[in-house]
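Asks: got a predicted structure plus its sequence, pasted below:
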Amino acid sequence: MTRTLAAAAFALLAGTAARADQAVLELGRAFTQDFQAGRYEALWERMTPQMHEALGGVEALAEVGASVGEQLGAEDKVLSEETAEAEGHRLYLRTAEHDRQETPVVTQFAFDAEDRIAGFFVRPQQQPAETRFLDYQTKTALRLPFEGEWFVYWGGRTPQQNYHVVDRGQRFAYDFLVMRDGASHSGDPQDLKSYHCWDQPVLAPADAVVARVVDGLPDQKIGRRDPQQPAGNHVVLDFGGEEFGFLAHLKQGSTTVQEGDDVVAGAEIGRCGNSGNTSEPHLHFHLQTTPVLGEGEGLPAFFEDYVADGSVVERGEPMKGQAVAPARKD
């Protein structure tokens, strides 16, 4: 892509609560059609001042459109449409086939409270990182790292299910949060306490030795992230057999363990927070081959004895969109 197109991209990652929103679907479809038809003035008029500053002028937006047409070609077939929320914005995500691109192309718009375009990109769908562990079976008997019902926002092995798959170390990672009435929060979306998973106990998924603890980082305000400390406050657990579990984005000052401690499955190790490179409170979990973030290879994390969308699962990988909870033992 050209430098102009890269500048137009407004990255909105991390765990966010999915919600079907017909109004966002209609906005996204309309603006996608405007972009594809070259109606750049219409798009420019609906962009925020920040987008105007990033692009510099409607001429730059036209350059983006020309670059997309030249490199990706025309849209042939829409594969999927989704809506979500992130950092106070509503997102429209469209995946489609284009006639000059072998892989699917993702179009994303972010809308503010006034339905203005606060973010926009068109780019080929990112591909999963190469891994030698597709057939790997988790050695550790893992339980879900929480009590009660949580929602799997990211989980699975494809980019559509799980944006983590493009990262070698987080190839099989999960993001969990709590949904009620179709939303991850109630009340003021800028107040961390409004989020249903905020300050909920985070539990050890299995017996382990604590390999690393980070606890002093601040919880980010909604709309801010800390890319320099992507995991934020986190605990790394050594399960043995070269399986290390990362539990990330914990609330500042909430960890209850120290490096070298022995912990048992189900013991509280901290509280769900919003520290690190995150858009809203949620719990990140992944397994990898080393205790150092960014230096290991991701491993599949199979959990045991849980309920997914009302069905008991003896052993499995939670998938995006499922409501999961530990199975109750009589």
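Replies: Looks like it came in fine.

Asks: only C-alpha atoms for contact and neighbour calcs from this point on.
Replies: Fine.

Asks: can you find the helix or strand in the protein with the smallest mean pLDDT?
Replies: Here the helix or strand of the chain ranked lowest by mean pLDDT, DSSP states H and E is helix 3-8, holding a mean of 30.

Asks: check which element follows that one along the chain.
Replies: Sequence-wise, the next helix or strand downstream of helix 3-8 (DSSP states H and E) is helix 22-36.

Asks: for that next one, name the packing helices and strands.
Replies: For helix 22-36, the packing partners by 3 or more Cα pairs under 8 Å, 6 or more residues apart in numbering; DSSP states H and E come out as helix 40-45, strand 75-86, strand 89-98, strand 101-111.

Asks: so which of the ones you listed is nearest residue 141?
Replies: strand 75-86 (32.7 Å; Cα to Cα).

Asks: can you give me the strands for the stretch 51-200 of the chain?
Replies: Assignment of strands within the stretch 51-200 of the chain using DSSP state E, counting those that start in this stretch yields the ranges 75-86, 89-98, 101-111, 117-124, 150-154, 174-177.

Asks: can you give the contact residues for the shortest one?
Replies: The contact list for strand 174-177, computed with Cα atoms under 8 Å, 6 or more residues apart in numbering, reads 14-15, 17, 150-156, 162, 164, 184, 196-197, 281-286.

Asks: change it to 6 Å
Replies: 15, 150-155, 197, 282-285 (Cα atoms under 6 Å, 6 or more residues apart in numbering).

Asks: okay, these in CSV with neighbour count and pLDDT next?
Replies: Rendered in CSV, the data for the contacts of strand 174-177 read as follows (neighbours: other Cα atoms under 10 Å; pLDDT from 0 to 100):
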residue, neighbour count, pLDDT
15, 23, 37
150, 24, 98
151, 26, 96
152, 27, 96
153, 26, 90
154, 29, 92
155, 24, 96
197, 25, 98
282, 32, 96
283, 29, 98
284, 22, 98
285, 22, 98
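
Asks: what's the farthest-apart pair in these?
Replies: In terms of Cα to Cα, these reach their longest pairwise distance at 155 and 197, which sit 17.4 Å apart.

Asks: below-threshold pLDDT in the protein: ranges please.
Replies: The chain contains residues with pLDDT under 70 at 1-20, 86-88, 329-330.

Asks: and it, what are its domains?
Replies: Structural domains of the chain, as assigned by automatic domain parsing, span the residue ranges 3-124, 150-326.

Asks: any idea which of those is most buried?
Replies: Per-residue neighbour counts averaged over each of those give the maximum for domain 150-326, namely a mean of 21 (mean count of other Cα atoms under 10 Å).

Asks: now the terminal residues of stretch 215-227, how far apart.
Replies: Start and end residues of stretch 215-227 are separated by 16 Å (Cα to Cα, to the nearest Å).

Asks: and the gap between the closest residue to residue 46 other than its chain neighbours and residue 187?
Replies: Leaving aside its chain neighbours, residue 46 sits nearest to residue 116 (5.1 Å; criterion: Cα to Cα, 6 or more residues apart in numbering). With the distance defined as Cα to Cα, residue 116 ends up 22 Å from residue 187.

Asks: re earlier: between the strands of the stretch 51-200 of the chain, which gets nearest to residue 48?
Replies: strand 117-124 (5.6 Å).

Asks: just want the angle from the closest one to strand 101-111.
Replies: If you take axes from the mean of the first three to the mean of the last three Cα atoms, to 10 degrees, strand 117-124 sits at 170 degrees to strand 101-111.

Asks: so what touches strand 117-124?
Replies: Contacts with strand 117-124, where a contact means Cα under 6 Å, 6+ apart, come from 9-10, 46-48, 104-111.

Asks: how about those in JSON lines, adding distance to residue 37?
Replies: What follows is these, written out as JSON lines (distance: Cα to Cα, whole Å):
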{"residue": "9", "distance to residue 37": "20"}
{"residue": "10", "distance to residue 37": "22"}
{"residue": "46", "distance to residue 37": "16"}
{"residue": "47", "distance to residue 37": "17"}
{"residue": "48", "distance to residue 37": "21"}
{"residue": "104", "distance to residue 37": "20"}
{"residue": "105", "distance to residue 37": "17"}
{"residue": "106", "distance to residue 37": "17"}
{"residue": "107", "distance to residue 37": "14"}
{"residue": "108", "distance to residue 37": "16"}
{"residue": "109", "distance to residue 37": "16"}
{"residue": "110", "distance to residue 37": "20"}
{"residue": "111", "distance to residue 37": "20"}
